[in-house]
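Chemist: sequence-free structure coming up:
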């Protein structure tokens, strides 16, 4: 499985023989970032909406199916599980945490989670290969909260997201506070992440992706 990051919470997951998935695409005019060649038949969004038809994916080519709420989905051999990150109806906290599974590789996208997950949420998420965690949203997870979240979920690979990058117009904090909290001074930096089915490091690996 190959993963590419486009800034903020937007990722593209791809595996040969399966439909690719774009998670949390954003409005380029609002974000200031211009994703290149962003195409996928499946799109997920972590913000709960009553009617998925109100969402537009003009920046994503080839979309045939959108997922914008809790539930279990199997689409073309890709398994997607969406869980509400907070009680539905809780003011300003209506978001969905998704896991996307190709074969035995599971990617968990925490959306805009702003506090460590409850035990029930951790159990609903299940085992995670790659965790996409927001580390730079103002009033979101602090570095200490993010570190606690990692201890609770215990992923094999950690990919930070939602932090400040050159050209971004949306207010985000830097990545440095998160790395410092974890004691990481020299993280692995990649243009994209390739995960072999069943391959997991003995200790959680921090991978910093460059936005494309």
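Modeler: Everything's here; your move. Just so it is clear, the model here is predicted, and its values are computed rather than measured.

Chemist: can we go C-alpha only for contacts and neighbour counts from here?
Modeler: Noted.

Chemist: Might you list the low-confidence residue ranges for the protein?
Modeler: 48-58, 87-94, 198-202 (pLDDT under 70).

Chemist: residue boundaries of the helices in it?
Modeler: Under the criterion DSSP state H, the chain carries helices at the ranges 28-31, 119-125, 143-153, 176-182.

Chemist: most tightly surrounded among the ones you listed?
Modeler: Most buried of the helices of the chain, by mean neighbour count (mean count of other Cα atoms under 10 Å): helix 143-153, with a mean of 18.

Chemist: That one - contacts with which helices or strands?
Modeler: Packing partners of helix 143-153 (3 or more Cα pairs under 8 Å, 6 or more residues apart in numbering; DSSP states H and E): helix 176-182.

Chemist: switch to 10 Å and redo it
Modeler: Counting contacts by 3 or more Cα pairs under 10 Å, 6 or more residues apart in numbering; DSSP states H and E, helix 143-153 is packed against helix 119-125, strand 130-134, strand 157-161, helix 176-182.

Chemist: what angle separates the second one from strand 157-161?
Modeler: Taking axes from the mean of the first three to the mean of the last three Cα atoms, to 10 degrees, strand 130-134 and strand 157-161 form an angle of 30 degrees between their directions.

Chemist: center of the chain - which residue?
Modeler: residue 109 (3.1 Å; Cα atoms, centre = their mean).

Chemist: Test my guess that it contacts residue 129.
Modeler: No: Residue 109 lies out of contact with residue 129 (Cα atoms under 10 Å); the separation is 11.1 Å.

Chemist: Can you check which residues contact both of the two?
Modeler: The contact sets of residue 109 and residue 129 overlap at residue 99 (Cα atoms under 10 Å, 6 or more residues apart in numbering).

Chemist: Just the buried residues of stretch 67-82, please?
Modeler: 67, 68, 69, 70, 78, 80, 81, 82 (16 or more other Cα atoms under 10 Å).

Chemist: and the fifth one, bridged to which residues?
Modeler: On DSSP bridges, the residues paired with residue 78 through beta bridges are residue 75.

Chemist: Nearest to residue 102, out of the helices and strands packed on helix 143-153?
Modeler: Residue 102 lies closest to strand 130-134 among the helices and strands packed on helix 143-153, at 11.7 Å (Cα to Cα).

Chemist: ok, residue 2 - contacts?
Modeler: Residues near residue 2 by Cα under 10 Å, 6+ apart: 12, 13, 14, 15, 16, 20, 192, 193, 194, 195, 196.

Chemist: any idea how far residue 107 is from it?
Modeler: Noted for residue 2: a distance of 11 Å to residue 107, by Cα to Cα, to the nearest Å.

Chemist: Overlap in contacts, those two.
Modeler: With Cα under 10 Å, 6+ apart, residue 2 and residue 107 have common neighbours residue 13.
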